[in-house]
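>>> prediction below, plus the sequence it came from.
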Amino acid sequence: MRVVLAGGGTAGHIEPALALADALRRAYPATEVTCLGTERGLETRLVPARGYELALIPAVPLPRTLTPQLLAVPGRLRGAINAAAAVLDKVHAEVLVGFGGYVATPAYLAARKRKVPIVVHEANPRPGLANRLGSRFTEHVFVSHPDTPLPHARFVGIPLRQEISTLDRLAVGDKARSYFGLLPDLPTLLVFGGSQGARSLNRAAVAAAPAFRAAGVQVLHIVGPKNTEEPDPVVGGPQYVTIPYCDRMDLAYAAADVAMCRAGAMTCAELAAVGLPAVYVPLPIGNGEQRLNAEPIVAGGGGLLVDDAELSPGWIAANLVPILSDANRVALMSEAAARLGRRDADATLARLVFDVVNAARTQGHA
């Protein structure tokens with residue numbers, strides 16, 4: 001099976017694509033996977049690191065409003081479509097799977113031009129421009145939120161890395177805490193704000209360090225590479241461990257009882273899948289998408305939601321510390337989060353992609 005994946009730009013597009021690639025390789029070892037990307041996206045680092053071929057096409061950011069830049073789009077878009085079509089031809093693609101973002105628009109148009117079957121996956125409750133376009137060209141549309149407004153949408157969840165989707169937090173909890181220099185038997189909070197950290201989360205958590213210590217709560221705080229927030233050192237008492245970056249998020253999740261974090265689609269999907277309750281602090285900019293990601297988990301009892309502007313050391317002391325001090329409540333929230341998680345979206349989507357290719361092959365031989 002020869003598969004081209006289009007999901008460049010952000011980790012939210014690339015990680016599900018790579019999780020699908022891994023699942024395809026596991027289920028159908030002879031699968032040939034090529035990822036489309038642009039030279040400015042994170043895919044230039046993430047895709048080769050996972051062992052997949054990356055083919056670059058020109059980036060064509062589409063303005064959201066009528067601006068003079070729009071006049072330059074048709075010519076640039078044509079070049080990107082032709083480049084994507086050349087990749088489809090070169091690898092004899094049997095299916096294109098798009099995850100949205102800059103790369104997906106020219107990829108969908110090229111696949112339609114070449115009559116290559118199209119599969120669309122949308123991770124967010126509000127679909128982006130690329131996937132709204134792609135869903136017009138195919139009936140194979142798969143989504144991570146049951147209410148995503150796309151034609152032919154079928155709910156499957158977000159494909160996750162296997163080290164997350166197969167994680168047994170309870171089985172590796174002690175090992176994970178030891179890995180980060182934490183004690184095995186104290187309530188543990190994980191704070192993180194994505195790959196770059198989040199300044200407002202960092203400030204509020206660090207300022208709440210005395211409240212955590214007084215309640216016997218230890219903290220693992222991934223501050224991000226550009227942030228320098230750190231609590232004053234205190235001898236004795238619960239640990240407050242800060243690290244700039246973490247490449248073992250599976251162990252970070254296993255070490256924690258509760259998380260405090262942003263509410264990106266991947267973050268929400270991963271925390272629900274592993275049953276880790278969280279305080280979600282949606283990014284205050286954008287179209288409100290992060291709040292929509294977290295709302296079903298919060299409504300189901302698997303977390304709390306607080307606006308970025310409301311997050312403060314006082315809010316943490318009044319609302320989060322009591323949860324961490326109540327093991328029964330943490331256990332109930334963990335079970336609630338896990339009920340809403342999907343661990344098998346990668347394998348499910350791999351099977352569906354295989355079915356699309358199989359149907360196209362059958363038609364070709366008919």
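Nice, I can see it. Numbers count the residues shown, from 1 in each chain.
>>> and the closest residue to residue 348 other than its chain neighbours, backbone torsions?
Leaving aside its chain neighbours, residue 348 sits nearest to residue 156 (5.1 Å; criterion: C-beta to C-beta, 6 or more residues apart in numbering). In short, each C-beta sits where N, CA and C put it, glycine included. Note on residue 156: backbone dihedrals following degrees, to the nearest 10 are phi -130, psi -20.
>>> neighbours around residue 156, how many?
Residue 156: 19 surrounding residues under other C-beta atoms under 10 Å.
>>> tell me the pLDDT of it.
Residue 156 is assigned a predicted lDDT (pLDDT) of 96.
>>> pLDDT weak spots in the stretch 251-366 of the chain?
Low-confidence regions of the stretch 251-366 of the chain, defined here as pLDDT under 70, cover residues 365-366.
>>> tell me where it has helices.
Shown for the stretch 251-366 of the chain, the helices assigned by DSSP state H, counting those that start in this stretch span residues 265-274, 289-299, 313-315, 321-324, 327-340, 345-365.
>>> out of those, deepest packed?
When those are scored by mean count of other C-beta atoms under 10 Å, the highest mean neighbour count falls to helix 265-274 (a mean of 26).
>>> counting by contacts, list what that one packs against.
helix 11-27, helix 162-165, helix 249-255, strand 258-261, helix 289-299, helix 327-340 (3 or more C-beta pairs under 8 Å, 6 or more residues apart in numbering; DSSP states H and E).
>>> please name every helix or strand in contact with the fourth one.
The contact analysis (3+ C-beta pairs under 8 Å, 6+ apart) places strand 258-261 against strand 188-192, helix 199-207, helix 265-274, strand 278-280.
>>> quick one on the thing from earlier: how close does the residue nearest to residue 348 sit to residue 84?
Distance, residue 156 to residue 84, using C-beta to C-beta, to the nearest Å: 25 Å.
>>> contacts for stretch 338-356?
For stretch 338-356, the external contacting residues (C-beta atoms under 8 Å, 6 or more residues apart in numbering) are 1, 3, 19-20, 22-24, 26-28, 95, 97, 117, 119, 121, 140, 142, 144, 156-160, 162, 165-166, 269, 271-275, 296-297, 300, 302.
>>> whichever of these end up buried, select them in PyMOL.
A single PyMOL command suffices to select whichever of the contacts of stretch 338-356 are buried according to 16 or more other C-beta atoms under 10 Å:
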select buried, resi 1+3+19+20+22+23+24+95+97+117+119+121+140+142+144+156+157+158+159+160+162+165+269+271+272+273+274+275+296+297+302
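>>> can I get the helices and strands packed on helix 265-274 in JSON lines including distance to residue 206?
Shown next, in JSON lines, are the helices and strands packed on helix 265-274 (distance: least, C-beta to C-beta, whole Å):
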{"stretch": "helix 11-27", "distance to residue 206": "25"}
{"stretch": "helix 162-165", "distance to residue 206": "27"}
{"stretch": "helix 249-255", "distance to residue 206": "18"}
{"stretch": "strand 258-261", "distance to residue 206": "12"}
{"stretch": "helix 289-299", "distance to residue 206": "22"}
{"stretch": "helix 327-340", "distance to residue 206": "22"}
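>>> about what we covered before: which one of the helices and strands packed on strand 258-261 lies closest to residue 246?
Residue 246 lies closest to strand 188-192 among the helices and strands packed on strand 258-261, at 7.3 Å (C-beta to C-beta).
>>> how far is that closest one from where the chain is centred?
Using C-alpha atoms, centre = their mean, to the nearest Å, the distance from the centre of strand 188-192 to the centre of the chain it belongs to is 18 Å.
>>> other SSEs contacting that strand?
The criterion is 3+ C-beta pairs under 8 Å, 6+ apart, and the helices and strands that strand 188-192 contacts are helix 199-207, strand 218-222, helix 249-255, strand 258-261.
>>> that strand: partners in the sheet, and parallel or antiparallel?
strand 218-222 (parallel), strand 258-261 (parallel) (DSSP bridges).
>>> tell me which of those sits nearest to residue 49.
Here strand 218-222 is closest among these (C-beta to C-beta), at 19.3 Å.
>>> which residues does that closest one contact?
Judged by C-beta under 8 Å, 6+ apart, the contacts made with strand 218-222 from elsewhere in the structure are 180, 182-183, 186-193, 197, 202, 205-206, 209, 212, 238-246, 252, 255-256.
>>> now do that strand and helix 199-207, the angle between them.
Orientation of strand 218-222 against helix 199-207 (axes from the mean of the first three to the mean of the last three C-alpha atoms, to 10 degrees) gives an angle of 150 degrees.
>>> tell me the mean pLDDT for strand 218-222?
Per-residue pLDDT over strand 218-222 has a mean of 96.
>>> give the buried residues for the helix or strand following that strand.
Downstream of strand 218-222, the first helix or strand assigned by DSSP states H and E is strand 240-243. Buried residues in strand 240-243, counting neighbours by 16+ other C-beta under 10 Å, are found at 240, 242.
>>> could you export strand 240-243 as CSV, CA atoms only?
Once side chains and other backbone atoms are set aside, the C-alpha atoms of strand 240-243 remain, and they are given as CSV (Å, rounded to 0.1, in the frame of the first residue of the first chain):
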residue,chain,number,x,y,z
TYR,A,240,8.9,21.4,43.0
VAL,A,241,10.8,20.1,39.9
THR,A,242,11.2,22.4,36.9
ILE,A,243,12.5,21.1,33.5
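>>> tell me the strands beside that strand, with direction?
Those paired with strand 240-243 in the sheet (DSSP bridges) are strand 218-222 (parallel).
>>> nearest residue to the middle of this protein?
Nearest to the mean C-alpha position of the chain, by C-alpha atoms, centre = their mean, lies residue 266 at 2.1 Å.
>>> identify the residues contacting stretch 307-325?
Among residues not part of stretch 307-325, those counted as contacts by C-beta under 8 Å, 6+ apart are 187, 189, 200-201, 204-205, 207-208, 211-212, 215-217, 257-258, 260, 277, 279, 281-284, 304, 306, 329-330, 333.
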